[in-house]
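>>> here's a sequence, model it:
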Amino acid sequence: MKFLIKSVLQTHSTQFILLNILHILNDGYGASILLLLPFIAKDMYLNLTQVGFLGTLFNSMSILLALPAGYIAMKIGGIKTLILGIFVYALGFLITGIAPSYWLLFFTFLIGGMGVGVFHPIGFALIAKWSTKETRGRQMGNFTAVGDVGKIGISAALTFTIVYISWRYTAILFATIAILIGIVIYYISIAKAEYGQTKQKNIVKISLKEIITHKKFLFTTTAAFFDTFASSSLFIFLPFLLLKRGITPALLGSFAAAFFIGNFVGKTSLGRFVDRFGNATVFMTAELLMAIFILLLANSSNLLLIVVCSIILGIFTKGTSPVIQTMVSDSADHHGYFEKTFAANALVTSIAATLAPVILGFIADKLGIISAFTAMAFAAIVATLPAFAFHKYRTIEKKS
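Just a heads-up that it's a prediction; the model follows:
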């Protein structure tokens, strides 16, 4: 029996399977706790400002925990940190289910956000370490796409369950399921360690300052900032643009579906292009195409063209995510501190994602919705400049 366990666990495929399961759970539970809000609001008589504040509390954890997550992973290991995250957001669900008042929900959504917020910088760092440079793009693409499985499946299961047993019992049930799955995954991870899965190679000690001041990291993170600014809020403002173009509200869901189809295609395909053509080249091409189709979408009144632009923008707005992650990986290859590097990059992109809706909303109010989309297109074009500098620096680095 031990020989069978050893043969199964001593494979990189098992590592990827565990990490993908953790990703499905994390993104699914992250989306699901926010889906509880309409039911909580109805039961507790909350207004939209109170609901929005809970959502802000939850999402803010991705900013606050970006750097700490990297340090924790360096101390206790990436997988153990992600398993700990399961128990933390399970606790958030559990207390949400028994919370008697709105004020206690402050803490439950902070706890839930903490559990979910540690995942992505560590997850991407592990993919970077476990992949070869030749397959990194494909692995990053598959990894980013698999999170959508959790968002769709777990969210659907949650709302379906609420109808039958109420949101409180559903929150408690989902907390229990997460804890049980966490225990199983923890046992498997311990078994992997017992049978000597993979030894960490020795790496040179390097400070956070040295990581973030390296030119490749600076170029990558600057590109990621403008890419996130251009793409993260597009879906928020898309319905308002469509309504301005005279699209009937009943069709908004269809455009959203087209956009999400593009998301999935982009994540799985652009990562594979990285392995063939290089990450900087793919990134610059994607950003330029993103800018072109944003402008086409913003200035078109043709229904068919709007649908086509929605799908294509879905591809590029989320498809650049695995591309950027391979660039972050490249900036860490020379020192091996992937956790710290991805954590620092996640901090910057989270700031961009937080600023974008506010700034673009202000532009839309003052200058019109089309101006907001023009600003997104401009940010996408600006993102190509540091990506080009990254490409040139890496070329020089290879020659030297």
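>>> domains of this structure?
2-194, 208-399 (automatic domain parsing).
>>> how far off centre is stretch 145-162?
Relative to its chain's centre, stretch 145-162 lies at 16 Å (C-alpha atoms, centre = their mean, to the nearest Å).
>>> scratch that, stretch 13-24 is what I was asking about
16 Å.
>>> quick one: mean pLDDT for it?
Looking at stretch 13-24 alone, the average pLDDT works out to 86.
>>> equivalent analysis for stretch 164-180, please.
95.
>>> flag every buried residue along that stretch.
167-168, 170-175, 177-179 (16 or more other C-beta atoms under 10 Å). All C-beta spots, glycine's among them, are computed from the backbone N, C-alpha and C.
>>> swap in stretch 338-354?
Within stretch 338-354, the residues scored as buried using 16+ other C-beta under 10 Å are 338-350, 352-354.
>>> host element of Ala344?
helix 338-367 (DSSP states H and E).
>>> one more: Ala379?
Ala379 belongs to helix 369-399 when assigned by DSSP H and E.
>>> and that helix, how far out from the chain middle?
For helix 369-399, the distance to the chain centre is 20 Å (C-alpha atoms, centre = their mean).
>>> and for stretch 387-400?
Using C-alpha atoms, centre = their mean, the offset of stretch 387-400 from its chain centre is 27 Å.
>>> just the helices from the stretch 1-150 of the chain, written as ranges.
Using DSSP state H, counting those that start in this stretch, the helices of the stretch 1-150 of the chain run over 2-9, 12-35, 37-44, 48-64, 66-76, 78-98, 102-117, 119-130, 136-194.
>>> need the CA coordinates for the third one. PDB is fine.
Same thing as helix 37-44. Only the C-alpha atoms of helix 37-44 are listed here, as PDB (Å, rounded to 0.1, in the frame of the first residue of the first chain):
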ATOM      1  CA  LEU A  37     -25.100  39.300   0.400                       C
ATOM      2  CA  PRO A  38     -28.500  39.600  -1.400                       C
ATOM      3  CA  PHE A  39     -30.000  37.000   1.000                       C
ATOM      4  CA  ILE A  40     -28.300  38.600   4.100                       C
ATOM      5  CA  ALA A  41     -29.500  42.000   3.000                       C
ATOM      6  CA  LYS A  42     -33.100  40.900   2.700                       C
ATOM      7  CA  ASP A  43     -33.100  39.100   6.000                       C
ATOM      8  CA  MET A  44     -31.300  41.900   8.000                       C
END
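>>> how far away is Tyr186 from Ala99?
27 Å (C-beta to C-beta, to the nearest Å).
>>> who's more crowded, the two?
Ala99 (19 against 16; other C-beta atoms under 10 Å).
>>> can you tell me which residues contact that one?
By C-beta atoms under 8 Å, 6 or more residues apart in numbering, Ala99 lies in contact with 105, 108.
>>> list the residues that contact the residue lying closest to Leu241 once chain neighbours are set aside.
Computed as C-beta to C-beta, 6 or more residues apart in numbering, the closest residue to Leu241 that is not its neighbour in sequence is Ile369, at 5.3 Å. By C-beta under 8 Å, 6+ apart, the contact list for Ile369 reads 237, 240-241, 244, 298.
>>> got it, and Asn47?
Counting by C-beta under 8 Å, 6+ apart, Asn47 has contacts Ala41.
>>> next one, pLDDT for it please.
84.
>>> ok, now Leu4?
pLDDT, Leu4: 32.
>>> could I get the helices of the stretch 1-150 of the chain as a markdown table with distance to Ser321?
Shown next, in a markdown table, are the helices of the stretch 1-150 of the chain (distance: least, C-beta to C-beta, whole Å):
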| stretch | distance to Ser321 |
| --- | --- |
| helix 2-9 | 29 |
| helix 12-35 | 13 |
| helix 37-44 | 25 |
| helix 48-64 | 14 |
| helix 66-76 | 16 |
| helix 78-98 | 18 |
| helix 102-117 | 17 |
| helix 119-130 | 9 |
| helix 136-194 | 5 |
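>>> of the ones you listed, which is nearest Lys216?
Among these, helix 119-130 comes nearest to Lys216, with 13.6 Å by C-beta to C-beta.
>>> elements contacting the closest one?
Applying 3 or more C-beta pairs under 8 Å, 6 or more residues apart in numbering; DSSP states H and E, one finds that helix 119-130 contacts helix 12-35, helix 66-76, helix 78-98, helix 136-194, helix 303-332, helix 338-367.
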